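Chemist: Pasted the sequence and its predicted model underneath.
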Amino acid sequence: QVQLVESGGGLVQPGGSLRLSCAASGFTFSSYWMYWVRQAPGKGLEWVSGINTGGDTTAYADDVKGRFTISRDNAENTLYLEMNSLKPEDTALYYCARHGRYYRGTNFGSWGQGTQVTVSS
């Protein structure tokens, strides 16, 4: 079965950095676009970033563009999100997700448990 296991979250001061990882199993990782989605406290799901199967095409939400970098290692079945210049409004539970094509919604079929990112001084 599809498994997505996020890790790397934590508490960081504004302006700090974190690197999230998502270990994938149970499907052919290299055949799927992969995404990061987040949910801030009391809010709905928000699409953050996506990357194509080969890792050479990426997309970002406007409020993270220039600060976040998505990448993938198909040999290790792992997705990453490098987050720099973090702001308090980046505080959220971060999830990775898969899709068969480019998709900017939040209605994905499989979810991991998420990893919590808290940006606070």
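Modeler: Great, that's in hand.

Chemist: quick one, what contacts the residue nearest the centre of the chain?
Modeler: Against the mean C-alpha coordinate of the chain, by C-alpha atoms, centre = their mean, the closest residue is Trp36 at 2.6 Å. Counting by C-beta atoms under 8 Å, 6 or more residues apart in numbering, Trp36 touches Leu20, Cys22, Val48, Ser49, Gly50, Ile70, Leu79, Leu81, Tyr94, Tyr95, Cys96, Ala97. For the C-beta atoms, the positions are set from N, CA and C on the backbone; glycine is no exception.

Chemist: hmm, 10 Å instead?
Modeler: Applying C-beta atoms under 10 Å, 6 or more residues apart in numbering, we find Trp36 in contact with 6, 20, 22, 46-51, 60-61, 64, 68, 70, 79-81, 83, 94-97.

Chemist: Can you tell me how far the nearest residue to Met34 once chain neighbours are set aside is from Gly112?
Modeler: Excluding the flanking residues, the one nearest Met34 by C-beta to C-beta, 6 or more residues apart in numbering is Leu79, at 4.6 Å. According to C-beta to C-beta, to the nearest Å, Leu79 stands 10 Å off from Gly112.

Chemist: which residues do the two both contact?
Modeler: Jointly contacting Leu79 and Gly112 under the rule C-beta under 10 Å, 6+ apart are Leu4, Glu6, Cys22, Ala23, Ala24, Cys96, Ala97.

Chemist: Tell me the strands beside the strand or helix carrying the fifth one, with direction?
Modeler: In this assignment (DSSP states H and E), Ala24 forms part of strand 18-25. Strands flanking strand 18-25 in the sheet, each with its direction: strand 3-7 (antiparallel), strand 78-83 (antiparallel) (DSSP bridges).

Chemist: re earlier: just the buried ones among the contacts of Trp36, please.
Modeler: For those, a neighbour count by 16 or more other C-beta atoms under 10 Å gives the buried set as 6, 20, 22, 47-51, 60-61, 64, 68, 70, 79-81, 83, 94-97.
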